[in-house]
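Enquirer: model this:
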Amino acid sequence: MTMHRQRFFSLALGLLAIWLSAAVGAANLERQRASFLEAEKALQKGQKARFEQLSASLRDYPLHPYLDYQSLRRDLKLASPERVRAFISDNADTPLADRLRGLWLSQLARQGRWSTYLAFYQPTDSTLARCRQLHAMIKTGQADKAYADVPDIWLHGESQPKECDSVLDAWRAAGGLTQTLVWQRIELAFAAGQWRLARYLKRYLDTDERPWVDLWLRTHREPGLVQSHPDLFAKQHPMRSAILEHGLKQLAKRDPARAIDAWRSVRSRFDFPNSDSARVDRHLALALARDGHPDALAYLARIEPRDDDLTLAETRIRTALAKEDWAAALAWIEALPPKARGLERWGYWRARALGELGRDDDARSGFEDLSRERSYYGFLAADRVGASYHLDPVRLSVGAEPLAEVAADPGIRRARELLALDRLIDARREWHHATADMDKTQLQAASKLAQSWGWHDRAIFTLARTQYWDDLELRFPLEHRALVERLARSQGLDPAWVYAVVRQESAFVKDARSSAGALGLMQLMPRTARSVARKLGEHPPRSRDLFRPETNIRLGSAYLKRIFDKLGAHPVLATAAYNAGLSRVESWLPDARLDADLWVELIPFRETRRYVERVLTYTAIYQDRLGTQPTRLSKRMQPVGSRMPLALQHSERNAEKASSSRS
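Expert: As a prediction, the model looks like this:
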């Protein structure tokens, strides 16, 4: 046998050995998964001997700690501190340790075992747990030490958990509550809009102080009193300025122009510290700008924002843009702090302003610089100068060694097994815990592993932590491609647009659930989903149905088509409405036609503004990923019409086109 043939057979045998090892490993994992599920069922049925037998056979299975956790949790009322401590120590590198600690602490609190509670307590952001800790300290002879920390619990603008009541009661009984602390919390309550809490707190004030809370409450309901009845505020009091300021802010919500007049009257009658005056001026200026008041620009010009007050600085720019006062917009962009001035957003609007002011060469230079970016403003700038979009991906390269190192991490192995069992919440907990302290190389390796498993949301979020943006295949996966293309086209929609909405709404977290109750890949509210289903002639879906990709994308695409049609087939408006709601977008329509880039910049909700920018950007990227030539943003961003109903505008445009074609 020649040396060449020997090498060939040696390599073939090596590859065969690797394949056989992987196949055996996979088969073993499948058997262990089945045994794991069987062990869980045995525990649920109270078959202790069978459970322990199966558990013992799974010592080397990644999810064995979950069997120990479930067993201990089932017997937690009877568990000894030693057993709990041993579990927490043995599983300190898992999320299960903190989960069991929380359950154990709640159990100890219910049983009044305060010394043991303190032995297991660890600092946390949970106010409830912190109050229990302070209660435990009081009960175990450490009251003075506990009372020193109570003001941090007290000074909060909202009601605290009922578990804090006993601590606050003991602290007050010991003389810890001062009139100053009461007033501080009342002020915090009003600032948080919690006027009922403020009214409740009045009881802790001295009798002669309470009428000032009553005046504050009345001013909250009738803010015009600050101007119409100045005699109510004639007496000196440390909180008088705060009450007047609160009234002015409440008035500004209803009528900013009247609030300005009231402020002039108040300032002429009462002394205000300079810092308070500046704060009121700022608040009223922002209120005028939000209201679109014609004097907003002039009022904003009189206020010089601090370098760290980007909200006021950017409001000045947007107010100038709303009036298409390009000179003012340019001046205020150039007055931004250097870090803010370097943002793509203001680079684009600086170039736009220069162009509108006739400085075409300077404008072109600005657009050309920005057109190199793969972003909303980069694409808009590219359209201005006829440049190509920069969509060439650079796939992330990760070495075999870091990939193997991360893949062998116990937490990553547990996350993968939980993913295989479709236990997504636990899988994400393990992933978050395992990657929390990883360095950049490890995070990139982890993102590549997640991608290889089809766990696209973890791949996206993990890679984002490294700020590597060029692997478009990883960042913009084509998950559910056949489904998205079929359902989008059934509605006459661009599949890339639907993909972009999915990417922005959930980043492919199929069980995503927002704080508002939106569900699934396209984050549908159950009520909206039921309405769309009825119009499609389908049975209304249950909430859990919305976690099924086909149901969610079908109803989400139909809803996107519905608002697209209602908004005159305008993709920018429909994108905004998908996030903020149809009625809001209709209320944001201008009185006269407006360039779409200006309209987007003037969307009053920052979240919606960023949402529209990202979805439009992602749509172009997804067109490229799907193998089609990206539509220029300028073609999608047709001018936004006036407040005429959008459907009517669309009909009129179609009629004009038909008339033109006939002629």
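Enquirer: give me the number of residues near Q227?
Expert: 20 (other CB atoms under 10 Å). Yep, even glycine has a C-beta here, placed from its N, CA and C like the rest.
Enquirer: what's it in contact with, if anything?
Expert: By CB atoms under 8 Å, 6 or more residues apart in numbering, Q227 lies in contact with R258, D261, A262, S265, V266.
Enquirer: what about burial for these, which qualify?
Expert: Buried subset of the contacts of Q227 (neighbour count, 16 or more other CB atoms under 10 Å): A262, V266.
Enquirer: now the contacts of Q227 as CSV including distance to Q184 and secondary structure?
Expert: Formatted as CSV, those follow (distance: CB to CB, whole Å; DSSP: H, G, I helix; E, B strand; the rest coil):
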residue, distance to Q184, secondary structure
R258, 30, helix
D261, 31, helix
A262, 26, helix
S265, 28, helix
V266, 23, helix
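Enquirer: return the member of the contacts of Q227 nearest to E485.
Expert: R258 (54.7 Å; CB to CB).
Enquirer: relative to H283, how far out is the closest residue to the closest one other than its chain neighbours?
Expert: Nearest non-adjacent residue to R258, counting by CB to CB, 6 or more residues apart in numbering: L251, 6.2 Å away. Look at L251 and H283: by CB to CB, to the nearest Å, they are 11 Å apart.
Enquirer: tell me which of those two has more neighbours.
Expert: L251 (25 against 18).
Enquirer: looking at this, that one is in a helix?
Expert: Yes - counting by DSSP: H, G, I helix; E, B strand; the rest coil, L251 falls inside a helix.
Enquirer: model confidence for it, exactly?
Expert: Looking at L251, its pLDDT reads 97.
Enquirer: before we move on, what about F272?
Expert: The model's pLDDT for F272 equals 88.
Enquirer: my reading is that it lies in a helix. Confirm?
Expert: No - assignment of F272 by three-state DSSP gives coil, placing it outside any helix.
Enquirer: list the contacts for the closest residue in space to it that isn't next to it in sequence?
Expert: Counting by CB to CB, 6+ apart, F272 lies nearest to S241, which is 5.7 Å off, once chain neighbours are set aside. Going by CB under 8 Å, 6+ apart, S241 touches F270, F272, P273, D276.
Enquirer: quick check, pLDDT for S241.
Expert: You'll see S241 listed with a pLDDT of 96.
Enquirer: so which strand or helix has it?
Expert: Here S241 sits within helix 240-254, counting by DSSP states H and E.
Enquirer: ok, and for that helix, which residues are buried?
Expert: 240-252.
Enquirer: okay, these in JSON lines with distance to E607 next?
Expert: Below are the buried residues of helix 240-254 laid out as JSON lines (distance: CB to CB, whole Å):
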{"residue": "R240", "distance to E607": "37"}
{"residue": "S241", "distance to E607": "33"}
{"residue": "A242", "distance to E607": "30"}
{"residue": "I243", "distance to E607": "32"}
{"residue": "L244", "distance to E607": "32"}
{"residue": "E245", "distance to E607": "28"}
{"residue": "H246", "distance to E607": "27"}
{"residue": "G247", "distance to E607": "29"}
{"residue": "L248", "distance to E607": "27"}
{"residue": "K249", "distance to E607": "23"}
{"residue": "Q250", "distance to E607": "25"}
{"residue": "L251", "distance to E607": "27"}
{"residue": "A252", "distance to E607": "22"}
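Enquirer: domains in the protein, by residue range?
Expert: Using automatic domain parsing, the domain parsing of the chain gives 400-469, 481-662.
Enquirer: of those, which shows the lowest average pLDDT?
Expert: Looking at the domains of the chain, the bottom one is domain 481-662 with a mean of 91.
Enquirer: the nearest residue to E38 once chain neighbours are set aside and A328, how far apart?
Expert: In space, and not counting its chain neighbours, E38 is closest to L54: 5.9 Å by CB to CB, 6+ apart. Relative to A328, L54 is positioned 74 Å away (CB to CB).
Enquirer: next: F461.
Expert: 40 Å.
Enquirer: which among the contacts of S241 count as buried?
Expert: Applying 16+ other CB under 10 Å to the contacts of S241, the neighbour count classes F272 as buried.
Enquirer: switch the contacts of S241 over to a markdown table; also include distance to Y499.
Expert: Shown next, in a markdown table, are those (distance: CB to CB, whole Å):
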| residue | distance to Y499 |
| --- | --- |
| F270 | 58 |
| F272 | 54 |
| P273 | 54 |
| D276 | 51 |
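Enquirer: what's near enough to touch the closest residue in space to P305 that isn't next to it in sequence?
Expert: Leaving aside its sequence neighbours, P305 sits nearest to L312 (CB to CB, 6+ apart; 4.0 Å). Applying CB under 8 Å, 6+ apart, we find L312 in contact with R282, A285, L286, L300, I303, P305.
Enquirer: how about a cut-off of 7 Å?
Expert: R282, L286, I303, P305 (CB atoms under 7 Å, 6 or more residues apart in numbering).
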